[in-house]
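Enquirer: what follows is a protein structure lacking sequence information:
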């Protein structure tokens with residue numbers, strides 16, 4: 001039968017969600033199983049013969065439609081609604097008890113009837129709002145002219161669903177939000193962004209409106225076996241960056257030191273701390289700093305991760321100077337067996353914090369490149385005095401936005417051109433070990449905008465050059481284009 005029988009009723013004038021409107025009765029046949037001990041046997045046989053109903057989100061076994069039998073726990077198996085033509089039935093099917101009308105199912109049904117295991121009965125299957133998906137319901141409400149790209153994607157942060165509705169769907173925003181919340185049990189609040197990230201605040205927060213549920217954006221999330229708790233309205237978080245967080249942290253090795261200049265609430269820093277990596281994690285936003293401190297404690301990485309709340313440009317230089325003079329180490333302890341409750345942990349090894357950072361992370365795509373002048377003359381004589389002569393220069397992982405193309409080759413040159421301007425040193429795409437810049441394609445941000453990560457080793461000519469005073473506090477502003 002046509003797919004229409006499984007679709008919800010249509011009401012394109014609905015502007016306030018009426019869940020009771022969405023009801024439908026589908027007329028089917030069912031195999032009444034006389035003895036419950038034969039349910040599994042009969043269902044297996046009917047599934048093999050393709051006679052059992054196979055419909056998304058619907059099981060084939062239901063209580064018997066007769067109330068008395070249902071009260072005794074009796075069951076029936078729903079049969080597929082397709083009915084073959086009389087010609088097909090005559091060639092491939094059979095007739096039941098000599099009846100003149102063609103038997104619409106396979107010989108398996110006939111055999112089970114003849115064995116007195118089942119009887120074929122009418123079954124009125126009632127579907128309601130709970131059966132249909134978000135897409136089913138919204139498609140039955142929106143006018144046909146507005147069904148080109150039905151809003152379906154959203155970011156979920158804890159119990160909050162974050163929409164970014166296009167203008168043409170704003171008039172349906174409350175309907176969309178209510179249905180979305182109904183069909184996603186983990187969602188309790190639905191919001192819609194009303195400005196661009198960073199447009200309202202330098203802390204990358206955004207204005208929003210609550211479309212459904214309480215105005216409660218205090219969320220708890222889990223990522224990479226770490227738990228974060230924060231107010232989503234006051235800090236930046238993007239669940240779509242989970243893969244990128246994992247990718248970059250995988251580059252860090254146990255015992256290394258990492259400087260996370262725009263750490264947010266710690267999606268790089270905290271998982272790195274769990275890998276026994278020393279992280280100096282900084283963020284200018286006081287709310288991000290507070291949530292990061294909570295995450296450090298909550299995930300028990302305070303031995304490895306230190307939080308800071310400073311200006312990033314200054315932090316790059318002050319962190320390098322302070323680390324050069326630090327003398328910190330952490331004892332790695334064994335975990336006593338649960339079978340020996342009196343056993344005490346023993347020191348397996350001691351990790352000493354390096355005097356220099358092996359990695360710098362600059363995750364502020366809109367402006368991170370403008371922080372690069374702070375790396376000019378990063379190691380002045382007063383800092384070098386505390387460092388080994390065979391100093392290894394750090395890797396810098398700088399996030400940025402650019403246009404996008406099929407191969408992103410042109411974008412690589414554009415990014416390197418801007419890196420060169422900021423560092424006052426020629427930078428070119430290539431392998432890091434050859435002195436080049438590796439451009440990693442992170443994700444789409446908009447139809448013509450993409451996020452990239454430019455990773456390169458800090459050139460010696462930049463690191464040991466005499467830094468102009470302005471390099472510490474000012475940036476070379478990139479062209480508006």
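Expert: Everything's here; your move. As the structure is a computational prediction, the values presented were derived from the model and not from experiment.
Enquirer: tell me the helix or strand right after the worst-scoring helix or strand of the chain on mean pLDDT.
Expert: In the chain, no helix or strand scores lower on mean pLDDT, DSSP states H and E than helix 86-92, which sits at a mean of 43. With elements assigned by DSSP states H and E, the helix or strand that comes after helix 86-92 is helix 107-114.
Enquirer: to the chain's geometric centre, what's the distance from that next one?
Expert: 49 Å (C-alpha atoms, centre = their mean, to the nearest Å).
Enquirer: buried ones in that helix?
Expert: 108, 109, 110, 112, 113 (16 or more other C-beta atoms under 10 Å). (Glycine included, C-beta is placed from N, CA and C.)
Enquirer: can you give me the distance of the first one to residue 80?
Expert: As for residue 108, its distance to residue 80 is 12 Å (criterion: C-beta to C-beta, to the nearest Å).
Enquirer: hey, what's in contact with both of those two?
Expert: Common contact partners of residue 108 and residue 80 (C-beta atoms under 8 Å, 6 or more residues apart in numbering): residue 51.
Enquirer: counting by contacts, list what whichever helix in the chain runs longest packs against.
Expert: The longest helix of the chain (DSSP state H) is helix 409-423. Here helix 409-423 touches strand 395-402, strand 438-446, strand 449-457, going by 3 or more C-beta pairs under 8 Å, 6 or more residues apart in numbering; DSSP states H and E.
Enquirer: give me whichever of the ones you listed is most buried.
Expert: Most buried of those by mean neighbour count (mean count of other C-beta atoms under 10 Å) is strand 395-402; its value is a mean of 23.
Enquirer: which secondary structure elements does that one contact?
Expert: Using 3+ C-beta pairs under 8 Å, 6+ apart, strand 395-402 sits against strand 359-362, helix 409-423, strand 449-457.
Enquirer: so which of the ones you listed is nearest residue 179?
Expert: strand 449-457 (29.6 Å; C-beta to C-beta).
Enquirer: contact partners of the closest one?
Expert: 244, 248, 365, 393-404, 408, 411, 415-416, 419, 427, 432, 435-445.
Enquirer: ranges for the helices of this structure?
Expert: 39-48, 67-71, 86-92, 107-114, 134-141, 173-183, 242-249, 269-274, 286-298, 312-324, 381-384, 409-423, 460-463, 470-473.
Enquirer: of those, which shows the lowest average pLDDT?
Expert: Looking at the helices of the chain, the lowest mean pLDDT belongs to helix 86-92 (a mean of 43).
Enquirer: pLDDT score for residue 404?
Expert: Taking residue 404 on its own, its pLDDT is 78.
Enquirer: now the stretch 301-450 of the chain, which segments are flagged as low pLDDT?
Expert: Within the stretch 301-450 of the chain, the segments meeting pLDDT under 70 span 407-408.
Enquirer: likewise for the stretch 51-200 of the chain?
Expert: For the stretch 51-200 of the chain (pLDDT under 70), the answer is 82-103, 195-200.
Enquirer: swap in 90 and give it another go.
Expert: 81-106, 144-154, 164, 166, 193-200 (pLDDT under 90).
Enquirer: any idea how far residue 4 lies from residue 419?
Expert: Taken as C-beta to C-beta, the span from residue 4 to residue 419 is 58 Å.
Enquirer: go on, residue 462?
Expert: Distance from residue 462 to residue 419, by C-beta to C-beta: 10 Å.
Enquirer: again with residue 296
Expert: 31 Å.
Enquirer: more crowded one of these two?
Expert: residue 296 (24 against 21; other C-beta atoms under 10 Å).
Enquirer: pretty sure the more buried one is in contact with residue 270, am I right?
Expert: Yes - the criterion here is C-beta atoms under 8 Å, and residue 296 meets it with residue 270 at 6.5 Å.
Enquirer: show me which of the buried residues of helix 107-114 is closest to residue 125.
Expert: Once C-beta to C-beta is applied, the member of these that ends up nearest residue 125 is residue 109, at 18.0 Å.
Enquirer: quick one: that closest one and residue 46 touch, right?
Expert: Yes - if you go by C-beta under 8 Å, residue 109 and residue 46 touch, sitting 7.2 Å apart.
Enquirer: excluding chain neighbours, what is closest to residue 188?
Expert: Of all residues not flanking residue 188 in the chain, residue 159 sits nearest, at 4.2 Å (C-beta to C-beta, 6 or more residues apart in numbering).
Enquirer: residues in contact with that neighbour?
Expert: 186, 187, 188, 189, 216, 219.
Enquirer: picking that back up, any idea which of the helices of the chain gets closest to residue 354?
Expert: Using C-beta to C-beta, those put helix 312-324 closest to residue 354, at 7.6 Å.
Enquirer: buried ones in the closest one?
Expert: 312, 313, 315, 316, 317, 318, 319, 320, 323, 324.
Enquirer: can you redo these as JSON lines with distance to residue 19?
Expert: As requested, the buried residues of helix 312-324 are exported to JSON lines (distance: C-beta to C-beta, whole Å):
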{"residue": "312", "distance to residue 19": "50"}
{"residue": "313", "distance to residue 19": "54"}
{"residue": "315", "distance to residue 19": "53"}
{"residue": "316", "distance to residue 19": "55"}
{"residue": "317", "distance to residue 19": "60"}
{"residue": "318", "distance to residue 19": "58"}
{"residue": "319", "distance to residue 19": "56"}
{"residue": "320", "distance to residue 19": "60"}
{"residue": "323", "distance to residue 19": "59"}
{"residue": "324", "distance to residue 19": "65"}
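Enquirer: which of those residues lies closest to residue 466?
Expert: residue 317 (13.6 Å).
Enquirer: right, and that closest one touches residue 378 too?
Expert: Yes - taking C-beta under 8 Å as the definition, residue 317 is a contact partner of residue 378 at 6.8 Å.
Enquirer: how is the protein divided into domains?
Expert: 24-127, 134-216, 231-473 (automatic domain parsing).
Enquirer: looking at the ones you listed, which is closest to residue 15?
Expert: Short answer: domain 134-216, nearest of the domains of the chain by C-beta to C-beta, at 6.9 Å.
Enquirer: gap between the two ends of the closest one?
Expert: 23 Å (C-alpha to C-alpha, to the nearest Å).
Enquirer: returning to that earlier point: reformat the helices and strands packed on helix 409-423 as CSV; add distance to residue 23.
Expert: Formatted as CSV, these follow (distance: least, C-beta to C-beta, whole Å):
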stretch, distance to residue 23
strand 395-402, 48
strand 438-446, 40
strand 449-457, 45
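Enquirer: residue 27: which of those strands is closest?
Expert: Per C-beta to C-beta, nearest to residue 27 of the helices and strands packed on helix 409-423: strand 438-446, 46.3 Å.
Enquirer: just checking, what packs against the closest one?
Expert: helix 242-249, helix 409-423, strand 449-457.
Enquirer: and those: which comes nearest residue 148?
Expert: Short answer: strand 449-457, nearest of the helices and strands packed on strand 438-446 by C-beta to C-beta, at 21.9 Å.
Enquirer: pairing partners for the closest one, with directions?
Expert: strand 395-402 (antiparallel), strand 438-446 (antiparallel) (DSSP bridges).
Enquirer: how far out from the middle of the chain is that strand?
Expert: The answer for strand 449-457 is 20 Å, by C-alpha atoms, centre = their mean.
Enquirer: now stretch 232-246
Expert: Distance, centroid of stretch 232-246 to centroid of chain: 8 Å (C-alpha atoms, centre = their mean).
Enquirer: check which residues of that stretch are buried.
Expert: 232, 233, 234, 235, 236, 237, 238, 241, 244, 245.
Enquirer: related to what we said a few turns ago, nearest to residue 63 among the helices and strands packed on strand 395-402 would be which one?
Expert: strand 449-457 (52.8 Å).
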